[in-house]
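Visitor: Here is the input, now give the coordinates:
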Amino acid sequence: MKKITKPLLSAILAVFILVFSSCKEEARKNATVSFETTSQTVGEDGVDILIPYQIQDGPIAGDAVIEFNFSGTATQDVDYVFTGWNNDGVSISLVDDSDLESSETIIVSMSNGTGVVISQPDEHTVTIEDNDAAILGFQTPSGTVNESEGSFSTIINLTPLVGTDPINISVGIAGTAAVDIDYDLSIDGSGSDLLLIFSNIDDDISEVPETAIITLTSVDDGPAVLSGNVSELTFTLTIEDNEPAADTDLKIDLTWDAGGGTPGDVDMDLILWKHDPGLDVFNFVDGAFSIGTTFESLTLSGTEDDAMYGLTYQYFEGSSNNLEFTVTFTTTDGTLEGTENELSFSETYTLSNINSSTTVFIEQIFDKLGSDYNSFSAIEVPGTGSRMKSFSIPSIKKQRGLSTKR
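Guide: Next up, the predicted model:
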């Protein structure tokens, strides 16, 4: 039997130990590393900050390699210094300068891990808020106020004010409300916050809700800078009206004089029609058909469609010849022919105009455009009857550029 000498035995043991150690290293599972959070906000105070990891199957081996990439609006070695990394996380030292600047960001990402597995999240954003100036921006993007409240204010500093020097700001103004007419605008920095104040917003005009849109455009002087987030620079105030809703209805009254200013034994009817330009006909909208000798009245709502409207004045029955009748149009908050609130038209019927049939005749037309009622035609009295089988008077239709076909 061959004897193994001591030196040979030592060599064999050394090889075994080396192979065993190598196999153990190959079996070792690499640690998995990710950032604990995706972001944080810190002040520019010249302190060291740590961006911690989440480590699984750790700790991180001493020979592991991670490539760290830095980006963002902050400048490396000017605004901050990367001071290293270990099993706890990435260390960064902030530089406290005296520059007035907006919030800046450091975006740290991990990649190209050797001896370590990079997992998600592999990116972390540090927002550095300047401690040399207040950051200006609206804490809320919008607000609503009723005119009866008289004023409204909103805070325009996102971080505490710095020092006592005044801050001068330029703003852009837009919206449907007019500055110096619907509201006054001012900025008050006398307190702990900078306030944008809307005042004198109550008027006596009935109107729809209006908006005042204010955008911070620049800091002209003082220890402040605008937020780097554009969405924080604009505020919209909705001003709700406190006056009663505008009455833009059109009231139509039909009266007549059968003697002594009374209706006598005359019965007349009042009928309202709306023109359909596609079919060139008038469709029924409303009518006043009081039975007996009562004057007639109806109302065209201000919310009705913009269109041409027609009116029928029917002499239904009675014994008055040369019957003078009057149609009066009134509106409270609308206009007639652009400037008026009341218009009247008069004509005369004879006994030959009595007509109790159901056929239709239009004696007068006008246009509705929003709250303005205009282009009133004269009343055109037919030779006989007052409700004949014609949807409109040819002479009126020709005057308005419409077809005269029935």
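
Visitor: Got the domain ranges for the protein?
Guide: Annotated domains of the chain cover 31-129, 134-240, 250-399 [automatic domain parsing].

Visitor: just for this protein, where's the confidence low?
Guide: Residue ranges of the chain with pLDDT under 70: 1-28, 46, 358-360, 385-406.

Visitor: So which residue is smack in the middle of it?
Guide: Thr236 (8.0 Å; C-alpha atoms, centre = their mean).

Visitor: what sits against that residue?
Guide: Thr236 makes contact with 141-143, 175, 211-214, according to C-beta atoms under 8 Å, 6 or more residues apart in numbering. From N, CA and C alone the C-beta is placed, and that goes for glycine too.

Visitor: and with 7 Å instead?
Guide: 141-142, 211, 213 (C-beta atoms under 7 Å, 6 or more residues apart in numbering).

Visitor: So which of the residues you listed is the closest to Asn86?
Guide: Nearest to Asn86 among the contacts of Thr236: Pro141, at 42.7 Å, using C-beta to C-beta.

Visitor: Distance of the closest one relative to Thr238?
Guide: Distance, Pro141 to Thr238, using C-beta to C-beta, to the nearest Å: 12 Å.

Visitor: Those two: who's more crowded?
Guide: Thr238 (17 against 13; other C-beta atoms under 10 Å).

Visitor: Correct me if wrong: Asn341 contacts Thr330.
Guide: Yes - contact status for Asn341 versus Thr330: in contact at 6.4 Å, counting by C-beta atoms under 7 Å.

Visitor: And the helices in the stretch 251-400 of the chain?
Guide: Counting by DSSP state H, counting those that start in this stretch, the stretch 251-400 of the chain has helices at residues 394-399.

Visitor: Next, count neighbours for Leu158.
Guide: Neighbour count of Leu158, defined by other C-beta under 10 Å: 17.

Visitor: Please shift the residue numbers so they start at 14 in all later answers.
Guide: I'll keep to 14 as the first residue from here, and by that count the last item is Leu171.

Visitor: residue contacts, it?
Guide: Per C-beta under 7 Å, 6+ apart, neighbours of Leu171: 148-150, 152, 240, 245.

Visitor: can you check Tyr362 too?
Guide: 328, 336, 338, 394, 399.

Visitor: Which of those residues sits closest to Phe295?
Guide: Of all the contacts of Tyr362, Phe295 sits closest to Ser399, with 15.4 Å by C-beta to C-beta.

Visitor: and the residue lying closest to Phe165 once chain neighbours are set aside, bridged to which residues?
Guide: In space, and not counting its chain neighbours, Phe165 is closest to Val158: 4.1 Å by C-beta to C-beta, 6 or more residues apart in numbering. Note on Val158: beta-bridge partners by DSSP bridges are Ile252.

Visitor: how near is Val158 to Glu223?
Guide: Using C-beta to C-beta, Val158 is found at 11 Å from Glu223.

Visitor: Mutual contacts of those two, please.
Guide: If you check Val158 and Glu223 against C-beta under 7 Å, 6+ apart, the residues they both contact are Ile252.

Visitor: returning to what we had before: report the buried members of the contacts of Thr249.
Guide: Buried members of the contacts of Thr249, counted by 16 or more other C-beta atoms under 10 Å: none.

Visitor: Columns secondary structure and distance to Asp109 on top of those, output as a markdown table?
Guide: Below are the contacts of Thr249 laid out as a markdown table (DSSP: H, G, I helix; E, B strand; the rest coil; distance: C-beta to C-beta, whole Å):
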| residue | secondary structure | distance to Asp109 |
| --- | --- | --- |
| Pro154 | coil | 32 |
| Ser155 | strand | 36 |
| Thr224 | strand | 42 |
| Ile226 | strand | 37 |
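
Visitor: Show me where the stretch 264-413 of the chain has its strands.
Guide: 280-289, 294-301, 309-313, 320-330, 336-343, 348-349, 355-362, 377-382, 385-387 (DSSP state E, counting those that start in this stretch).

Visitor: Nearest approach to Gln69 belongs to which of those strands?
Guide: strand 377-382 (72.9 Å).

Visitor: roughly how far out does the closest one sit from the chain middle?
Guide: Relative to the centre of its chain, strand 377-382 is centred 35 Å away, using C-alpha atoms, centre = their mean, to the nearest Å.

Visitor: Sheet-wise, list the partners of that strand with their directions.
Guide: Taking DSSP bridges as the criterion, strand 377-382 forms sheet pairs with strand 320-330 (antiparallel), strand 385-387 (antiparallel).

Visitor: Mind putting those into CSV with distance to Val192?
Guide: Formatted as CSV, the strands paired with strand 377-382 follow (distance: least, C-beta to C-beta, whole Å):
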stretch, distance to Val192
strand 320-330, 37
strand 385-387, 28
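
Visitor: most tightly surrounded among these?
Guide: Of all these, strand 320-330 has the most neighbours on average by mean count of other C-beta atoms under 10 Å, namely a mean of 21.

Visitor: outside of it, which residues touch it?
Guide: Here strand 320-330 makes contact (C-beta under 7 Å, 6+ apart) with 267, 280-288, 295, 313, 336, 338, 340, 362, 366-369, 373-381, 399-400, 405.

Visitor: run the last query once more with 6 Å
Guide: By C-beta atoms under 6 Å, 6 or more residues apart in numbering, the surrounding residues in contact with strand 320-330 are 280-282, 284, 286-288, 295, 362, 366-367, 369, 375-380, 399-400.

Visitor: what angle sits between it and strand 355-362?
Guide: Counting by axes from the mean of the first three to the mean of the last three C-alpha atoms, to 10 degrees, strand 320-330 points 40 degrees away from the direction of strand 355-362.

Visitor: who does the host helix or strand of Met123 touch, helix- and strand-wise?
Guide: Met123 belongs to strand 117-127 when elements are defined using DSSP states H and E. With contacts taken as 3 or more C-beta pairs under 6 Å, 6 or more residues apart in numbering; DSSP states H and E, strand 117-127 sits against strand 78-84, strand 136-142.

Visitor: Deepest in the core, which of those strands is it.
Guide: When the helices and strands packed on strand 117-127 are scored by mean count of other C-beta under 10 Å, the highest mean neighbour count falls to strand 136-142 (a mean of 19).
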